[in-house]
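>>> generate coordinates for the sequence data below:
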Amino acid sequence: MKIKSISFIALLSITLFSFGQEQPNFIVIFTDDHGYADIGANGQVADIKTPNIDALASNGVRFTSGYITAPQCIPSRAGLLSGRYQQRFGVDHNGTIPMPLEEKLFPAYLQEAGYVTGMTGKWHLEPNHVQHEWIKKNLPEIADQNSYVPSDIPRNMKMPYYPPSKGFDEYYYGPMYNILANYELSGNDLDQQWFEETGYRLDNQTKAATTFIERNHDKPFFFYLPYYAPHVPLEATEKYLSRFPGDMPERRRYCLAMLSAIDDGIGKLKTTLKSYGIADNTVIFFISDNGAPLKIYKEDKTLAFKGGAWNGSLNTPFVGEKGMLSEGGIRVPFIINWPAGLKKGLVYETPVTSLDVAATCLSLAEVDLPKKFDGVNLIPYLNDVIEDSPHEALYWRFWDQSAIRMGNFKFLKAGNREYLFDVSTEEHENKNLIHDHPRKAKLMKDKLLKWASELHIKGVSDTEIKNEKIWYDHYFQNN
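Numbers count the residues shown, from 1 in each chain. Here you go, the predicted structure:
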């Protein structure tokens, strides 16, 4: 590891607590099915309106190679909150198992260090009806059913997996309107209970976050804000829809409106932090859980359609979509904002991962990092203290796909199909270089196989792809 001469800002970030400065607060904003194109700061589309998100970037650090660990909701959340590759404990995709109860999430470490921890929005780490392995083991009385529905899993069996048992002191949990909470949006304490909420889900999630800050502004805190948007079902109020007049697909209009609601929410968060004088020393992460589901053709199906459909978001300029280990599925909007400890307006091109969130937060809170963590503290790299890349390599495995990125190169394996791309170029995943650089491809494949040999389910697929075939036949037909 190469250490550079230390600038004033970098020295501040390293020695922040040696002189008695208060511990920073943390807010992790995690959007849902939100493609790389859909923040104004990434400069890819003209119709997006995200001034408050863009301000996070202009006053903080924007990552052009920020990655999530999976192109699907459950595993990406498991990786973020554990600080570990989720394949290490068997949460490979939505249909495997829930987050294991013995897996400690990083907010629990902050809780033990004296932080007040809170969350609202989408959780998605409890048992669900597509996790047949878990159902057959834990609900043998229905094990022989061919399929399951959400109500097959009793709520009491889900409770040990919910936020109150996983390191959160305060919670207003619920992606939609069925809420589990121990405080009211007005700020009053509440005996833990389930109830039906009214209003608009994104405004409610913002209000739960600002209320938490109002309740805990005088203590170090961590808040997890996984907005349920722009994931379907698409819904928005006229307040947000009216900002996007003109001729466009209706699904695009609703996506833009939902992202505008999130953007307003971030403005309210910043205003609340400033009102208590804690905005400068609050670290805010803004990341998406995976790329947008384009369904290949971006069909503008009626909003009444309840099946899987394009959610209106875009992954421009990258290839592919949610469910794929191509860049469109895993390269996402990624920002860190911390006025007291980071440069303003830095655009960081070196690859980073959502696994780094846990390591960064615990390091800044002066909590010893568990050796099992796969992420790193990003702050010294962003402040020019360490000149190396944060990661020698980043890894993925999902369904029949696996991938590794080292430097500018990415080796992608979709069953028995193999590709090598220079993802730093304009051609990125539109030009397969595997025959131009066979030795590099072999080196990267060997490292990928070694990593996969350490996982809960070992190895990678070498057979013809199944779930992904329609995508690879379409997006990679010229490769």
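>>> got the contact list for the closest residue to residue 178 other than its chain neighbours?
In space, and not counting its chain neighbours, residue 178 is closest to residue 196: 6.2 Å by C-beta to C-beta, 6 or more residues apart in numbering. For the C-beta atoms, the positions are set from N, CA and C on the backbone; glycine is no exception. Each residue near residue 196 by C-beta atoms under 8 Å, 6 or more residues apart in numbering is listed here: 177-179.
>>> give the buried subset of those residues as a ChimeraX selection command.
To isolate the buried members of these in ChimeraX, using 16 or more other C-beta atoms under 10 Å:
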select :179
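>>> would you map the helices across the stretch 301-450 of the chain?
327-330, 355-364, 379-382, 438-452 (DSSP state H, counting those that start in this stretch).
>>> in JSON lines, list those along with mean pLDDT.
Shown next, in JSON lines, are the helices of the stretch 301-450 of the chain (pLDDT from 0 to 100):
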{"stretch": "helix 327-330", "mean pLDDT": "98"}
{"stretch": "helix 355-364", "mean pLDDT": "98"}
{"stretch": "helix 379-382", "mean pLDDT": "97"}
{"stretch": "helix 438-452", "mean pLDDT": "98"}
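>>> let me have the ones you listed in a markdown table, extended by mean neighbour count and distance to residue 240.
Below are the helices of the stretch 301-450 of the chain laid out as a markdown table (neighbours: other C-beta atoms under 10 Å; distance: least, C-beta to C-beta, whole Å):
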| stretch | mean neighbour count | distance to residue 240 |
| --- | --- | --- |
| helix 327-330 | 29 | 25 |
| helix 355-364 | 24 | 28 |
| helix 379-382 | 23 | 33 |
| helix 438-452 | 16 | 42 |
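>>> quick one: closest of those helices to residue 167.
Set against residue 167 and scored by C-beta to C-beta, these come closest in helix 355-364, at 11.5 Å.
>>> what sits up against that closest one?
Residues contacting helix 355-364 (C-beta under 8 Å, 6+ apart): 16, 23-24, 26, 28, 69, 79-85, 106, 109-110, 222, 283, 285, 287, 336, 341, 368-369, 373-379, 390.
>>> the strands in the stretch 251-400 of the chain, which residues?
282-288, 334-337, 346-348, 352-353, 394-398 (DSSP state E, counting those that start in this stretch).
>>> packed most tightly, which of the ones you listed would that be?
Ranked by mean neighbour count, the strands of the stretch 251-400 of the chain are led by strand 352-353 with a mean of 28 (mean count of other C-beta atoms under 10 Å).
>>> quick one: average pLDDT of it?
Per-residue pLDDT over strand 352-353 has a mean of 98.
>>> next: stretch 74-84.
98.
>>> for the residue of the chain most remote from its centre, what are its contacts?
Taking C-alpha atoms, centre = their mean, the residue of the chain most remote from its mean C-alpha position is residue 141, at 35.5 Å. If you count contacts by C-beta under 8 Å, 6+ apart, residue 141 has none.
>>> just for this protein, where's the confidence low?
Residue ranges of the chain with pLDDT under 70: 1, 3-21.
>>> in it, which helix is the longest?
Ranked by residue count under DSSP state H, the longest helix found in the chain is helix 250-275.
>>> from the contact counts, what lies against that helix?
Contacts defined by 3 or more C-beta pairs under 8 Å, 6 or more residues apart in numbering; DSSP states H and E place helix 250-275 against strand 25-31, helix 51-58, helix 201-216, helix 238-241, strand 282-288.
>>> quick check: angle from it to strand 282-288?
170 degrees (axes from the mean of the first three to the mean of the last three C-alpha atoms, to 10 degrees).
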